[in-house]
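A.B. asks: mind looking at a prediction? Sequence and model below.
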Amino acid sequence: MNLLNQLKQYTEVVADTGDFESIKTFKPVDATTNPSLLYSASQDQRYNHLVSRAIDYGKSVGTTEGEKVEKAMDKLAVVFGLEILKIVPRRVSTEVDARLSFDTEKSIKKAKELIALYEDDGIGREKILIKLASTWEGIRAAEELEKEDIHCNLTLLFSKAQAIGCAEAKVQLISPFVGRIYDWHLKEQGVEHIPGNQDPGVLSVKEIYNYYKKFGYKTEVMGASFRNIEEITELAGCDLLTISPTLLKKLMDTEDHLERKLNPESAKSEKIEKIHLDEKMFRWMHNEDAMAVEKLAEGIRKFTADILKLEKFVAQQL
């Protein structure tokens with residue numbers, strides 16, 4: 001049996017793509033999108049009709065040029081989400097503008113606007129995960145949204161502090177970024193590769209998973225941002241893994257035995273101290289992790305750059 005089919009026995013597989021054909025091929029339970037994936041998909045002529053629908057919506061509801069662009073951007077994210085939901089059986093993640101990462105109130109407002117667009121098309125909020133950056137402000141926004149059954153996917157997660165903050169806020173799901181942690185440590189150590197069982201990104205997800213299961217947190221752990229299939233196989237048993245089409249294909253094409261590495265029962269026997277975080281402790285604990293501080297800031301900047309690129313494209317279409 002190939003690695004992908006074995007992985008699906010232990011872990012829910014999510015497609016990290018805006019390409020519908022890839023989603024049909026690999027049959028994930030959920031799918032995630034972000035501005036860079038949406039930009040890439042929007043350049044594909046097969047999806048011109050979706051772009052046109054978003055542009056027409058922006059023109060019809062926006063009054064100023066800026067508002068037309070903003071409304072078209074929101075609609076573009078949603079129309080791609082709607083198409084994805086025709087293929088995946090469960091949920092799609094739709095991202096809040098990264099420029100709102102330090103604004104709790106505006107993040108809540110934008111999340112509700114996105115949910116309203118889905119609901120206007122007959123899609124219930126249980127099918128949507130709102131993606132927010134795992135800043136203190138993003139976590140607070142998610143905490144409020146969850147109280148209204150708007151479920152959240154906290155992204156750009158690099159530290160244990162972020163993970164604990166999300167669990168205590170009772171968010172639905174977190175996305176620890178395995179590959180970006182790996183990248184940072186490659187550069188720091190001056191090496192070209194770190195084996196999967198020593199990979200700092202893998203070890204970070206294992207630590208978070210064990211913490212959650214030990215203390216009975218319901219927040220789902222979804223490893224993200226993988227660089228190779230070794231990272232993925234080392235996390236077999238994680239609640240979910242979101243994987244690019246390239247790595248999904250490698251898993252599908254590889255015949256090998258896959259051993260489950262994570263499970264709730266073994267996590268419960270781990271000797272772990274429970275930590276409670278108020279804002280001061282969260283900021284201090286996160287600040288103590290140089291990698292996490294650097295990668296969170298970089299991630300917000302990169303997501304913002306992707307949004308600006310997509311925004312420019314949408315403005316040209318308008």
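C.D. replies: Thanks, I have the structure now.

A.B. asks: residue 166 against residue 174, yeah?
C.D. replies: Yes - using CB atoms under 8 Å, residue 166 is in contact with residue 174, at 4.9 Å. In this view, the C-beta of every residue, glycine as well, is placed from N, C-alpha and C.

A.B. asks: now the common contact residues for the two.
C.D. replies: 134, 154, 157, 219 (CB atoms under 8 Å, 6 or more residues apart in numbering).

A.B. asks: turn those residues into TSV, including distance to residue 97, neighbour count and pLDDT.
C.D. replies: Formatted as TSV, the shared contacts of residue 166 and residue 174 follow (distance: CB to CB, whole Å; neighbours: other CB atoms under 10 Å; pLDDT from 0 to 100):
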residue	distance to residue 97	neighbour count	pLDDT
134	15	30	98
154	15	30	98
157	18	31	98
219	23	22	98
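
A.B. asks: ok, so of the residues you listed, who is nearest residue 283?
C.D. replies: Closest approach between these and residue 283, by CB to CB: residue 134, at 12.7 Å.

A.B. asks: what sits up against stretch 45-56?
C.D. replies: With CB under 8 Å, 6+ apart as the test, stretch 45-56 has contacts from 41-42, 72-73, 75-76, 79-80, 83, 314, 317-318.

A.B. asks: show the buried residues in those.
C.D. replies: Among the contacts of stretch 45-56, those classed as buried by neighbour count (16 or more other CB atoms under 10 Å) are 41-42, 72-73, 75-76, 79-80, 83, 314, 317.

A.B. asks: using TSV, please lay out those residues together with distance to residue 280.
C.D. replies: What follows is those, written out as TSV (distance: CB to CB, whole Å):
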residue	distance to residue 280
41	42
42	42
72	41
73	36
75	40
76	39
79	42
80	39
83	44
314	40
317	46
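
A.B. asks: I'd like those residues as CSV, with pLDDT and distance to residue 32 appended.
C.D. replies: Formatted as CSV, those follow (pLDDT from 0 to 100; distance: CB to CB, whole Å):
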residue, pLDDT, distance to residue 32
41, 90, 13
42, 91, 16
72, 97, 21
73, 96, 18
75, 97, 19
76, 96, 16
79, 96, 16
80, 95, 11
83, 95, 14
314, 95, 21
317, 94, 24
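
A.B. asks: so of those, which ones are in helices?
C.D. replies: Assignment to helices by DSSP state H places the following of the buried ones among the contacts of stretch 45-56 there: 41-42, 72-73, 75-76, 79-80, 83, 314, 317.

A.B. asks: all helices for the stretch 1-150 of the chain, in order.
C.D. replies: Assigned by DSSP state H, counting those that start in this stretch, the helices in the stretch 1-150 of the chain fall at 3-10, 20-26, 35-42, 48-61, 65-85, 104-120, 136-146.

A.B. asks: can you put the ones you listed in TSV and add distance to residue 191?
C.D. replies: TSV is the format used below for those (distance: least, CB to CB, whole Å):
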stretch	distance to residue 191
helix 3-10	25
helix 20-26	31
helix 35-42	27
helix 48-61	42
helix 65-85	37
helix 104-120	38
helix 136-146	32
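
A.B. asks: now, of those helices, which is deepest in the fold?
C.D. replies: Sort the helices of the stretch 1-150 of the chain by mean neighbour count, taking mean count of other CB atoms under 10 Å, and helix 136-146 sits at the top with a mean of 23.

A.B. asks: model confidence over it, on average?
C.D. replies: Mean per-residue pLDDT for helix 136-146: 98.

A.B. asks: need the distance between the two termini of stretch 221-232.
C.D. replies: For stretch 221-232, the first-to-last residue distance is 13 Å (CA to CA, to the nearest Å).

A.B. asks: tell me the buried residues in that stretch?
C.D. replies: 221-227, 229-232.

A.B. asks: mean pLDDT lowest where, among the helices of the stretch 1-150 of the chain?
C.D. replies: Between these, the one with the least mean pLDDT is helix 35-42; it has a mean of 88.

A.B. asks: what packs against that one?
C.D. replies: With contacts taken as 3 or more CB pairs under 8 Å, 6 or more residues apart in numbering; DSSP states H and E, helix 35-42 sits against helix 65-85, helix 290-317.

A.B. asks: between those helices, which gets nearest to residue 103?
C.D. replies: Residue 103 lies closest, by CB to CB, to one member of those: helix 290-317, at 12.1 Å.

A.B. asks: what's the offset of the closest one from the middle of its chain?
C.D. replies: Relative to the centre of its chain, helix 290-317 is centred 14 Å away, using CA atoms, centre = their mean, to the nearest Å.

A.B. asks: got the buried residues for it?
C.D. replies: Neighbour counts over helix 290-317 (16+ other CB under 10 Å) mark 291-292, 295-296, 299-300, 302-303, 306-307, 310-311, 313-314, 317 as buried.

A.B. asks: lowest-pLDDT helix or strand in this protein?
C.D. replies: The helix or strand with the lowest mean pLDDT-type score in the chain, counting by mean pLDDT, DSSP states H and E, is helix 35-42 (a mean of 88).

A.B. asks: just the strands in the stretch 201-318 of the chain please.
C.D. replies: Ranges of strands in the stretch 201-318 of the chain, per DSSP state E, counting those that start in this stretch, are 220-223, 240-243.

A.B. asks: since that was my last question, I'll sign off now.
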